[in-house]
Structure formats: structure tokens, C-alpha cells
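Undergrad: Based on what follows, work out the 3D shape:
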Amino acid sequence: MSAKLTIELYQRIANKLRGQRRTAEQRLRISLSKRGKKNPFYGKHLSVEHRQRLSEVRRGRRASEETKRNQSMRMKGSGNPRYGKSQSERQRVALTEYRRSPAAKEQLKRLHESTEVRRKMSVNRRGKCTGTASPRFGIPPAHGKMCPTLKGDTVRSTYERDMCNWLHSHGIQYQYEPKTFDFGDFTYTPDLYVPAWKCFVEIKGWWGRHDGRRASDRTRYLAFLKRYGNIVLLEESEIKSFRRDVQ
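TA: Numbers count the residues shown, from 1 in each chain. As a prediction, the model looks like this:
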């Protein structure tokens, strides 16, 4: 009987407190009362079996859209526990050393080689990160920009650099990767746009090999040519002549 009353009492207390928010002073007092050795879990660790049971119970659970929005709002700006903080030099050095260690490289290699991990990531992102739904849509990737031009910007290949240098040396204005076009199943970003010519320019020293998962470079180019038409393709032989002209 007493156990039943105790449960009912807990339920009444929970119902009364539901929706109420503790003050900052109350939260600090509770935090201090549970810190360090005062925490009943201090020095204890969950067993492997306990962790597995917790994992099985939580598997398949998904937070509602409202919960995710509330979590996002709560962690924005000053609500984020890392707000205004930065890693110390000691932490940065330790992270760098760990990432260079053989153990970290082996762990990353196993993760990338796991077909099951790749399959789960693909299923989870399907329909969410393609075309305009991608958070990176319209933002050219930063990787590969290693070739400085006479204009002062940085491009991805020596062929692009040579063409940009030729345009700049002849006083012709150009825009590098100015816009990304959405074709539904894939996107396409032409290399250059030349306002004086009123057309885009695609520069190809060689066509990338089709990996069977994404649309090939040639497919993207031909789709743009069919839909818009105002694009010029420059391949290796043409680019070499531009290079000689600049030199």
C-alpha cells in the first residue's frame, strides 16, 4: 500500500512541476550538490551489458520535429555551452597529434570502409541533401583551390589558371564559378562566366571517370548545353594555346 501511495505521490509532484522552469540560482545549487564525489554515479561505469540494453531500448527512437526545433533554439547563440569559448593551444596540439596517430587513421579507415555505415548514411540522407535541399547548394567546395591567378583569386587546376590568366592579361572580365544550376538529380557549376561573351566556359583537361554513383562530368555538361546552350567547352589543346599566348 505504501509503495502505491509513494508512486501516486511522485506522480502528483511531477504533474505539479510539469512546465515550470527552474531559476538559474536553483539550477546552480542542484549542479553544485551533484558535482564530483557528491554525484551518486561518481567513480562508477556502466557495464557492457548495461550499455547494450540501453542501446537496444533507444534504437529506432526519433525526436519529433517540435523537439528538434526546441533543441536547436536552445543551443543557439549564448545558449550553446561552447558559446564564446575556444580550444586552448594545448587542446589543439593534443587533437592534432591524435589525428595523426596510427590508431586514429586506422579507426577512420575502418569507418570509411564499412559498407554498412555508408549504406545507413545514404538511406538517412536520401532526398535530404540533393539539389536545392542540400545545405551546400550554391556554395562551391573549397577543396582543390590551389592555383593562384594573375587576378589574385584561386582556382582548382592549372588549365583553369591558364585561361583566367589569358582573360586577365587581355583585359576581359570574368567570374569564377559564379552560379550553381539545379537539374533535379544533380547540380552543375560551370567554371567561368564571361560577361563580354555572354556565355559560360567549361574547362576540361580530361573528363572525370564515371563512378557509377553520381552523374559524370560529361553528363552534367551536356545537360546544361541542352537546356541553356550558352556555354563554350575548352579542352587541353585550346588551353595550351592560351598558355603560350600569355607567356
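
Undergrad: show me where the chain has helices.
TA: When secondary structure is read from DSSP state H, the chain shows helices at 2-17, 24-33, 48-58, 65-74, 89-100, 102-113, 115-125, 158-169, 217-227, 236-246.

Undergrad: in the fourth one, what counts as buried?
TA: Pointing back at helix 65-74 there. By neighbour count on 16 or more other C-beta atoms under 10 Å, the buried set for helix 65-74 is empty. Backbone N, C-alpha and C define where each C-beta goes, glycine included.

Undergrad: next one: it to chain centre, how far?
TA: On the basis of C-alpha atoms, centre = their mean, to the nearest Å, helix 65-74 sits 20 Å off its chain's mean C-alpha point.

Undergrad: Show me how the record splits the protein into domains.
TA: Domain assignment for the chain by automatic domain parsing gives 101-135, 147-246.

Undergrad: do you know which of those lies nearest Arg51?
TA: Among these, the nearest to Arg51 by C-beta to C-beta is domain 101-135 (18.9 Å).

Undergrad: averaged over its residues, what pLDDT does the closest one have?
TA: On average, the pLDDT along domain 101-135 is 74.

Undergrad: any idea which of the domains of the chain is most buried?
TA: Of all those, domain 147-246 carries the top mean neighbour count, a mean of 15, counting by mean count of other C-beta atoms under 10 Å.

Undergrad: Just give me how far that domain sits from the chain centre.
TA: Per C-alpha atoms, centre = their mean, the centroid offset for domain 147-246 relative to its chain is 25 Å.

Undergrad: likewise stretch 98-113?
TA: 19 Å.

Undergrad: Residues in contact with that stretch: which ones?
TA: 117-118 (C-beta atoms under 8 Å, 6 or more residues apart in numbering).

Undergrad: give me that answer again for 7 Å
TA: Taking C-beta atoms under 7 Å, 6 or more residues apart in numbering as the criterion, the residues outside stretch 98-113 that touch it are Val117.

Undergrad: mind saving the C-alpha coords of that stretch as PDB?
TA: Once side chains and other backbone atoms are set aside, the C-alpha atoms of stretch 98-113 remain, and they are given as PDB (Å, rounded to 0.1, in the frame of the first residue of the first chain):
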ATOM      1  CA  TYR A  98      45.800  12.200 -32.100                       C
ATOM      2  CA  ARG A  99      44.500  12.700 -35.600                       C
ATOM      3  CA  ARG A 100      48.000  12.000 -36.900                       C
ATOM      4  CA  SER A 101      48.400   8.800 -34.900                       C
ATOM      5  CA  PRO A 102      48.200   5.400 -36.500                       C
ATOM      6  CA  ALA A 103      45.200   4.400 -34.200                       C
ATOM      7  CA  ALA A 104      43.100   7.400 -35.400                       C
ATOM      8  CA  LYS A 105      44.000   6.700 -39.000                       C
ATOM      9  CA  GLU A 106      43.000   3.000 -38.700                       C
ATOM     10  CA  GLN A 107      39.800   3.900 -37.000                       C
ATOM     11  CA  LEU A 108      38.900   6.400 -39.800                       C
ATOM     12  CA  LYS A 109      39.900   3.800 -42.400                       C
ATOM     13  CA  ARG A 110      37.600   1.200 -40.900                       C
ATOM     14  CA  LEU A 111      34.700   3.700 -40.700                       C
ATOM     15  CA  HIS A 112      35.100   4.600 -44.400                       C
ATOM     16  CA  GLU A 113      35.500   1.000 -45.500                       C
END
